[in-house]
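Novice: Any chance you can model this:
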Amino acid sequence: MKVLFIGGSGNISTEVSKLCIKNGIDLYLFNRGNRKVKINGSKVILGDISDFANCSKILQDHQWDVVVNWIAFKPNDVENDIKLFRGKTKQYIFISSASAYQKPPASPFITESTPLKNPFWQYSRDKIECENILSKAYRDSDFPITIVRPSLTFDTVIPLPIGGWQEYTIVDRIKKGKKIIVHGDGTSLWTIMHAKDFAKGFIGLLGHQQTIGESFHITSDELLTWNQIHEAVAEAVGKKANIVHIPSDFLVKYDENLVGGLLGDKAHSVIFDNTKIKRFVPGFTATIPFKKAIQATVNWFETDPSRQTIKQETNDLIDKIIADYEALSSS
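Specialist: Reported below is the predicted structural model:
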């Protein structure tokens, strides 16, 4: 099977690429060659997917069994892909987002038929519009789409909403015993998945004829509260989390970037029903518990000091929010 990944060496896609090679897939990675990650056994095509004219020339002689775009975020991205790959691939997989599901949710139980609506986050609205464009192309002209909606999936990032992700600020604060913020009362339910587990579900969709025109989310079945998630990160560095609970509505006043990530995503309890992906990919199940996964991620950061980005502006923001909230609470 000849497969093209646009991207393919990111936080989620690296593990998928590795599993593809392990399973004998003829994998091509189309990217600019800027990332240090190397996928042994893959073939690299250098190019910039945003340069439509140049991509057309570079890819014109190729036919694909599957094309996966890991880095399509805007409607124009998928419109260009439709033009690039119409008649040149048997399957086109779009990486959407589980944040596209209805917010606030009418029910915490999420299936693939849950409405797509997110008034809080432009990122999610763009993903929804991309899905709409692709679905129309499938209905009108048989463009062979499959839509995949990951939720919070991680490998080489810290999956916490404040001071995490590519930053190491939140872990540094935990190590030093400083106060950290957990949104709400910390008891809302969430699901976090390691990229290796995601890869097991995703690879089963490649070349699967019955998935054309379908959408899937791929998540873990492990449910954790945000208190438990932060406590597990602290345990990974041998410390106890010094948690301050602050309402999401209060937090978003300080940083507009939190509006989408909290009100448009993590502030709500969600329970993903993975029946559909398990039906199409028999035997799939996520097996890596968060405690084990986050320990491996923390160890990855610890092996190279250059990965441990600590931002003073993030520390200052966290300190200010906590100080203001505690002053208000005591007044």
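
Novice: Going by residue numbers, what spans are helices in this protein?
Specialist: Per DSSP state H, the chain carries helices over the ranges 13-22, 52-59, 75-85, 122-141, 169-175, 195-203, 226-236, 248-251, 257-258, 275-280, 290-302, 312-330.

Novice: Would you convert these into TSV that also reports mean neighbour count, distance to Leu160 and mean pLDDT?
Specialist: Glycine gets a C-beta too; all of them are placed from N, C-alpha and C. Below are those laid out as TSV (neighbours: other C-beta atoms under 10 Å; distance: least, C-beta to C-beta, whole Å; pLDDT from 0 to 100):
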stretch	mean neighbour count	distance to Leu160	mean pLDDT
helix 13-22	21	20	95
helix 52-59	14	36	90
helix 75-85	18	28	96
helix 122-141	18	18	98
helix 169-175	23	5	97
helix 195-203	23	16	97
helix 226-236	21	7	98
helix 248-251	16	13	96
helix 257-258	16	12	91
helix 275-280	15	26	98
helix 290-302	17	10	96
helix 312-330	13	11	95
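
Novice: Any idea which of the ones you listed gets closest to Thr187?
Specialist: helix 226-236 (6.6 Å; C-beta to C-beta).

Novice: and that closest one, what other elements does it pack with?
Specialist: helix 169-175, strand 179-183, helix 290-302 (3 or more C-beta pairs under 8 Å, 6 or more residues apart in numbering; DSSP states H and E).

Novice: Dump the helices of the chain to TSV, plus distance to Ser269.
Specialist: Output for the helices of the chain, formatted as TSV (distance: least, C-beta to C-beta, whole Å):
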stretch	distance to Ser269
helix 13-22	27
helix 52-59	41
helix 75-85	30
helix 122-141	17
helix 169-175	22
helix 195-203	21
helix 226-236	10
helix 248-251	13
helix 257-258	18
helix 275-280	19
helix 290-302	16
helix 312-330	22
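
Novice: which one of the ones you listed lies closest to Ser151?
Specialist: Closest among the helices of the chain, using C-beta to C-beta: helix 195-203, at 9.4 Å.

Novice: who touches the closest one?
Specialist: Helix 195-203 has contacts (C-beta atoms under 8 Å, 6 or more residues apart in numbering) with 11-12, 14-16, 18-20, 23, 25, 148, 150, 153-155, 216, 218, 220, 277, 281, 284, 286-288.

Novice: cool, stretch 78-85 as well?
Specialist: 6, 49, 52, 55-56, 59, 64, 67, 69, 72, 92, 94, 130, 133-134, 137, 143.

Novice: one step back: show me just the buried residues among the contacts of helix 195-203.
Specialist: Buried members of the contacts of helix 195-203, scored by 16 or more other C-beta atoms under 10 Å, are 11-12, 14-16, 18-20, 25, 148, 150, 153-155, 216, 218, 220, 277, 281, 284, 286, 288.

Novice: ok, Asp273 touching Ser107?
Specialist: No. Contact criterion C-beta atoms under 8 Å: Asp273 and Ser107 do not qualify, at 10.6 Å.

Novice: out of these two, which sits in the more crowded spot?
Specialist: Asp273 (16 against 11; other C-beta atoms under 10 Å).

Novice: Contact partners for the more buried one?
Specialist: Phe109, Ile110, Thr111.

Novice: Tell me what the first one is bridged to.
Specialist: This means Phe109. Going by DSSP bridges, Phe109 is paired in beta bridges with Ile271.

Novice: Roughly how far does it sit from Arg35?
Specialist: Here Phe109 is placed at a distance of 37 Å from Arg35 (C-beta to C-beta, to the nearest Å).

Novice: Ok, the last one next?
Specialist: Counting by C-beta to C-beta, the separation of Thr111 from Arg35 is 34 Å.

Novice: Then Ile243?
Specialist: To Arg35, Ile243 is 34 Å away according to C-beta to C-beta.

Novice: any idea how far the closest residue to Glu167 other than its chain neighbours lies from Tyr168?
Specialist: Excluding the flanking residues, the one nearest Glu167 by C-beta to C-beta, 6 or more residues apart in numbering is Thr309, at 5.2 Å. Using C-beta to C-beta, Thr309 is found at 5 Å from Tyr168.

Novice: Which one's more surrounded, those two?
Specialist: Between Thr309 and Tyr168, counting by other C-beta under 10 Å, Tyr168 is the more crowded of the two (22 against 13).

Novice: Quick check, that one in contact with Ile158.
Specialist: Yes. Between Tyr168 and Ile158 there is a contact under C-beta under 8 Å: 6.7 Å.

Novice: Report the set of residues contacting both of the two.
Specialist: Looking at what touches both Tyr168 and Ile158 (by C-beta under 8 Å, 6+ apart), the common residues are Phe301.

Novice: Got the domain ranges for the protein?
Specialist: 2-153+194-218, 155-191+222-269+288-330 (automatic domain parsing).

Novice: residues in contact with the nearest residue to Ile192 once chain neighbours are set aside?
Specialist: Leaving out its chain neighbours, the residue that sits closest to Ile192 by C-beta to C-beta, 6+ apart is Leu152, at 4.9 Å. Shown in contact with Leu152 (C-beta under 8 Å, 6+ apart): Pro159, Trp190, Thr191, Ile192, Met193, Lys266.
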